[in-house]
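>>> Quick one, fold the following:
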Amino acid sequence: QVQLVESGGGLVQTGGSLRLSCTASGRTFSPFSMGWFRQAPGAEREFVAAIGWNGVNTIYSDSVKGRFTISRDNVKNTMYLQMNSLKPEDTAVYYCVADARSLGTLVRGNTLDAWGQGTLVTVST
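Below is the predicted model:
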């Protein structure tokens, strides 16, 4: 089983940048895809970005494509989400996820192997 801990959230002005990190522990010797979901107040949870075990295959939601970059360092068991050109609508709790199945399964967000506790990102106007 994999455990996930996010960090890097905070308050930033519109147009600013933040970098989220997610560190995995536990059963990290098995390959797994990782990704980010977010949930704004009063809204449904939504997929943000995902990355395969090899770090080459990535998927982004249309709302963040071109502004966010997902990456991972398997030596450090850490995944990153570089968020640039932030907008107020990016305000949400961001959750790190991991799953041993395909990227497509992770994107759907159902019954994934592991979720982090979430980190709050607030973008002010």
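>>> which secondary element of the protein has the worst mean pLDDT?
Least confident helix or strand, the chain: helix 103-108 with a mean of 91, by mean pLDDT, DSSP states H and E.
>>> ok, residues contacting the following helix or strand past that helix?
Scanning forward in sequence from helix 103-108 by DSSP states H and E, the next helix or strand is strand 114-115. Strand 114-115 has contacts (C-beta atoms under 8 Å, 6 or more residues apart in numbering) with 1-4, 24, 95-99. No exception for glycine: its C-beta is placed from N, CA and C like everyone else's.
>>> Pull up the gap between residue 102 and residue 59, please.
11 Å (C-beta to C-beta, to the nearest Å).
>>> Who has more neighbours out of the two?
Under the neighbour definition other C-beta atoms under 10 Å, residue 102 and residue 59 were set side by side, and residue 59 has more, 18 against 13.
>>> Test my guess that that one contacts residue 103.
Yes. Using C-beta atoms under 8 Å as the test, residue 59 is close enough to residue 103 to be in contact (5.9 Å).
>>> joint contacts of the two?
In contact with both residue 59 and residue 103: 35, 50-51, using C-beta under 8 Å, 6+ apart.
>>> Would you map the strands across this protein?
Listed in chain order, the strands of the chain (DSSP state E) span 2-7, 10-13, 18-26, 33-39, 46-51, 58-60, 68-73, 78-83, 92-99, 114-115, 119-124.
>>> Brilliant, that's me finished.
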